[in-house]
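**Student:** what's the 3D shape of this:
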Amino acid sequence: MPPIKSNTLFYGDNLTILRNFVDDESVDLIYLDPPFNSNRSYNVLFKDESGKESPAQITAFEDTWHWNETTAAIYEELVTKGEPRVSSMIGALRQFIGANQMMAYLTMMAIRLVELHRVLKPTGSLYLHCDPTASHYLKVVLDTIFGNANFRNEIIWKRTSAHSDAKRYGAVHDVIFFYSKSASKWSWDKQYMPREDTELKTHDLAYDPEGRLYRLGDMSAAGAGPARRFGDRVIEPPAGNHWRFSQENIDKLLTEGRIVFTRNGTPRYKRYLDEIPGFAVQDVWTDLQPINSGAQEALGYPTQKPLALLERIIQASSNEGDVVLDPFCGCGTTVAAAQKLGRKWIGIDITHLSIALQKYRLKDMFGLVEKKDYKVKGEPEDLPDAKQLAQDDRYQFQWWALSLIKARPLGGDRGSREGKKGSDKGIDGVITFIDDASGKAKRVIVQVKSGKVKSGDVRDLRGVIDRDEAAIGVFVTLESPTKEMEKEAASAGFYHSPGWKRDYLKIQILTIADLLNGKEVKMPPTSITFKQAKRVREGSDTDQQDLFGADREGQE
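**Tutor:** Numbers count the residues shown, from 1 in each chain. A predicted model of the protein is given here:
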């Protein structure tokens, strides 16, 4: 199996994809932000207009939360075929925890961490993002698979501002575990934080004759060592310490006037502040602000991590041209940060909705085009593939179909799986646009059908358009429409755009075959209202806007 050389998005179960597509020791850095056991809605990409989570999206992760035949089989594989340490660890955890949801979660994570360890290069690193509910168990799993000697840090990230939790301290942090593949060599580039003006004032500073600001630094460090010559004096280091500079470097510093002797004769060296990049980043991160609903970077994804968080990790633990892997890539922050920083990347997710969101993000931030600039594996490429997806999972089919026309998905519940009306009230997706001076958002509402269709379906869509005062309705169908459906659609007339001075069919029927062949919805341009991730320009900061963020007035 040749290593992946190009940037690739994978749709599917990351365990299967890791085993079938990712070669041994082919990845330089792994970041994973898996669904937290404490929050079942963690991987809900979007909430419906009522603000409620969509159980339909949670179904993609149901196996993660329950002890069932799938998790039992994986547990057996780990116990009977895993390395002895892994086998003993997972068996002991089950004996202690029992066959419950937490054990199911740890089992599903352990089998994936085994594969992630396999694909990581000897110089590579892994960062696992979790919360305190399961972090202690996950560290046991990580210590077993990676080796406790390869544990580098437990990073505490303040993910939210202070708030009040009932009868306990406010829970405001996440945990990020940092492990290397090797105990002796791994990629590392120390990161720095800017110095605060208030901090500078609390230390003794001085100016040299040229006006440069400096601070006197200690020349010794822990660990016994020999005396050194400082000009015409031989000075022993403080008890139990050694001089941190060689004799050659001491002579050089003396020549440059960089060594100052205190009243008691102790040598200290000048540390010019303009040579110090800042404070080295420590293991408590309070300087990276979380994403809030009003942030320009927000994509409408409840658990989206700030781009700066991933940039820090990628810059610290990889080099340009390295391969970065995110097996739970969600809305694609890792992929976006890797692309921005000149790394290659692999993203894996189990929902077509995530893959669609990432494609939009890559296009809007970097101008990247699928097939030309990167690959997508696992999505339907032709009509038979689309039919198979519809047969396997109608919700995944619906999300994928909506992505073909860049429609924002809405609602859905288990009732819809049984053919009943769900909370979407006849709307599967929405596209918004503005085409007049009022600035008011107008809507294109979308219905997706994967089964048999009839003229009554078009009449129902027409009723939804009237009820919601939508501008246009789009009926996406896997099957070919009947003549009666086409007549019904034509009878709905046109929507007249006052801004563009054009008429558009009020109801448009598009087949999956049409969309695969490049056909598009005919409507006013969405460039004003389809909020795009801000295009990355060299030397500029990156911020983004809600890719699916229709104007609130247009949604309600």
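**Student:** And the pLDDT at the residue of the chain most remote from its centre?
**Tutor:** Taking Cα atoms, centre = their mean, the residue of the chain most remote from its mean C-alpha position is residue 232, at 59.5 Å. Predicted confidence (pLDDT) for residue 232: 92.
**Student:** And for residue 221?
**Tutor:** pLDDT, residue 221: 90.
**Student:** just checking, it touches residue 244?
**Tutor:** Yes: counting by Cβ atoms under 8 Å, residue 221 touches residue 244, with 4.5 Å between them. Glycine gets a C-beta too; all of them are placed from N, C-alpha and C.
**Student:** Spit out the contact partners of the residue nearest to residue 191 when sequence neighbours are not counted.
**Tutor:** Using Cβ to Cβ, 6 or more residues apart in numbering and skipping residues adjacent in sequence, the residue nearest residue 191 is residue 281, 4.4 Å away. Residues near residue 281 by Cβ atoms under 8 Å, 6 or more residues apart in numbering: 190, 191, 192, 193, 312, 316.
**Student:** The first one: neighbour count?
**Tutor:** Translated: residue 190. For residue 190, the neighbour count with other Cβ atoms under 10 Å is 9.
**Student:** so how far is residue 221 from it?
**Tutor:** The spacing between residue 190 and residue 221, counted by Cβ to Cβ, to the nearest Å, is 17 Å.
**Student:** Could you do the fifth one as well?
**Tutor:** Look at residue 312 and residue 221: by Cβ to Cβ, they are 27 Å apart.
**Student:** If you count surrounding residues, which of these two has more?
**Tutor:** residue 312 (20 against 13).
**Student:** Surely the more buried one touches residue 191?
**Tutor:** Yes: assessed by Cβ under 8 Å, residue 312 is found in contact with residue 191 at 5.6 Å.
**Student:** How are the helices of the stretch 251-400 of the chain distributed by residue range?
**Tutor:** Here the stretch 251-400 of the chain has its helices, by DSSP state H, counting those that start in this stretch, at 307-317, 333-340, 352-366, 383-392, 394-404.
**Student:** could you list every residue that touches the residue positioned nearest the centre of the chain?
**Tutor:** With distances taken as Cα atoms, centre = their mean, the residue of the chain nearest its centroid is residue 333 (3.7 Å). Shown in contact with residue 333 (Cβ under 8 Å, 6+ apart): 304, 305, 306, 307, 309, 310.
**Student:** mind redoing it with 6 Å?
**Tutor:** By Cβ atoms under 6 Å, 6 or more residues apart in numbering, the contact set of residue 333 is 305, 307, 310.
**Student:** Tell me the one of the residues you listed nearest residue 123?
**Tutor:** Nearest to residue 123 out of the contacts of residue 333 is residue 310 (Cβ to Cβ; 19.7 Å).
**Student:** Spatially nearest residue to that closest one, not counting backbone neighbours?
**Tutor:** Leaving aside its sequence neighbours, residue 310 sits nearest to residue 337 (Cβ to Cβ, 6+ apart; 3.8 Å).
**Student:** Just the local confidence number for the one you found, please.
**Tutor:** 97.
**Student:** what's the burial count for it?
**Tutor:** The burial count for residue 337: 26, using other Cβ under 10 Å.
**Student:** and the next element down the chain from the longest helix belonging to the chain?
**Tutor:** The longest helix of the chain (DSSP state H) is helix 101-119. For helix 101-119, the succeeding helix or strand toward the C-terminus, using DSSP states H and E, is strand 120-130.
**Student:** Check which residues of that following strand are buried.
**Tutor:** Counting neighbours by 16 or more other Cβ atoms under 10 Å, one finds that the buried residues in strand 120-130 are 120, 121, 123, 124, 125, 126, 127, 128, 129, 130.
**Student:** and residue 9, that's in a helix?
**Tutor:** No: when classified by DSSP: H, G, I helix; E, B strand; the rest coil, residue 9 is found to be strand rather than part of a helix.
**Student:** ok, it - contacts?
**Tutor:** By Cβ under 6 Å, 6+ apart, residue 9 lies in contact with 347, 355, 358, 376.
**Student:** Highest neighbour count among those?
**Tutor:** Counting neighbours by other Cβ under 10 Å, residue 347 leads those with 28 neighbours.
**Student:** which non-adjacent residue is nearest it?
**Tutor:** In space, and not counting its chain neighbours, residue 347 is closest to residue 329: 3.7 Å by Cβ to Cβ, 6+ apart.
**Student:** In contact with the one you found, which residues are there?
**Tutor:** By Cβ under 6 Å, 6+ apart, the neighbours of residue 329 are 335, 347, 349.
**Student:** Check the gap between the first one and residue 501 for me.
**Tutor:** Here residue 335 is placed at a distance of 40 Å from residue 501 (Cβ to Cβ).
**Student:** Compare these two (neighbour count), which wins?
**Tutor:** residue 335 (27 against 8).
**Student:** Now do that one against residue 172, distance only.
**Tutor:** Distance from residue 335 to residue 172, counting by Cβ to Cβ: 27 Å.
**Student:** now swap in residue 28 and tell me
**Tutor:** Taking Cβ to Cβ, one finds residue 28 at 32 Å from residue 172.
**Student:** Residue 327 contacts residue 32, doesn't it?
**Tutor:** Yes: using Cβ atoms under 6 Å, residue 327 makes contact with residue 32 at a distance of 5.4 Å.
**Student:** between these two, which one's more packed in?
**Tutor:** More neighbours surround residue 327 than the other of residue 327 and residue 32, with 27 against 21 (other Cβ under 10 Å).
**Student:** Tell me where the model's unsure across the protein.
**Tutor:** 1-5, 36-65, 196-204, 293-294, 300-302, 411-424, 527-556 (pLDDT under 70).
**Student:** Recalculate using a threshold of 50.
**Tutor:** Within the chain, the stretches with pLDDT under 50 are 37-59, 63, 198, 202, 412-423, 528-533, 537-556.
**Student:** domain ranges for it?
**Tutor:** Here the domain parsing of the chain from automatic domain parsing is 8-44+119-190+281-377, 195-277, 383-555.
**Student:** For the closest residue to residue 387 other than its chain neighbours, which residues are in contact?
**Tutor:** Counting by Cβ to Cβ, 6+ apart, residue 387 lies nearest to residue 478, which is 6.6 Å off, once chain neighbours are set aside. Taking Cβ under 6 Å, 6+ apart as the contact definition, residue 478 lies against 390, 450, 512.
**Student:** hmm, 10 Å instead?
**Tutor:** 383, 386-387, 389-390, 394, 397, 401, 448-453, 511-513 (Cβ atoms under 10 Å, 6 or more residues apart in numbering).
**Student:** what do you get for residue 506?
**Tutor:** Residues near residue 506 by Cβ under 10 Å, 6+ apart: 461-462, 465, 470-473, 489-496.
**Student:** List just the nearest of those to residue 444.
**Tutor:** Set against residue 444, the nearest of those by Cβ to Cβ is residue 472 (4.4 Å).
**Student:** Number of residues surrounding the nearest residue in space to that closest one that is not next to it in sequence?
**Tutor:** Leaving aside its chain neighbours, residue 472 sits nearest to residue 444 (4.4 Å; criterion: Cβ to Cβ, 6+ apart). Residue 444: 24 surrounding residues under other Cβ under 10 Å.
**Student:** before we move on, back to that, dump the domains of the chain to JSON lines, plus distance to residue 90.
**Tutor:** Listed next are those as JSON lines, based on distance: least, Cβ to Cβ, whole Å:
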{"stretch": "domain 8-44+119-190+281-377", "distance to residue 90": "8"}
{"stretch": "domain 195-277", "distance to residue 90": "40"}
{"stretch": "domain 383-555", "distance to residue 90": "30"}
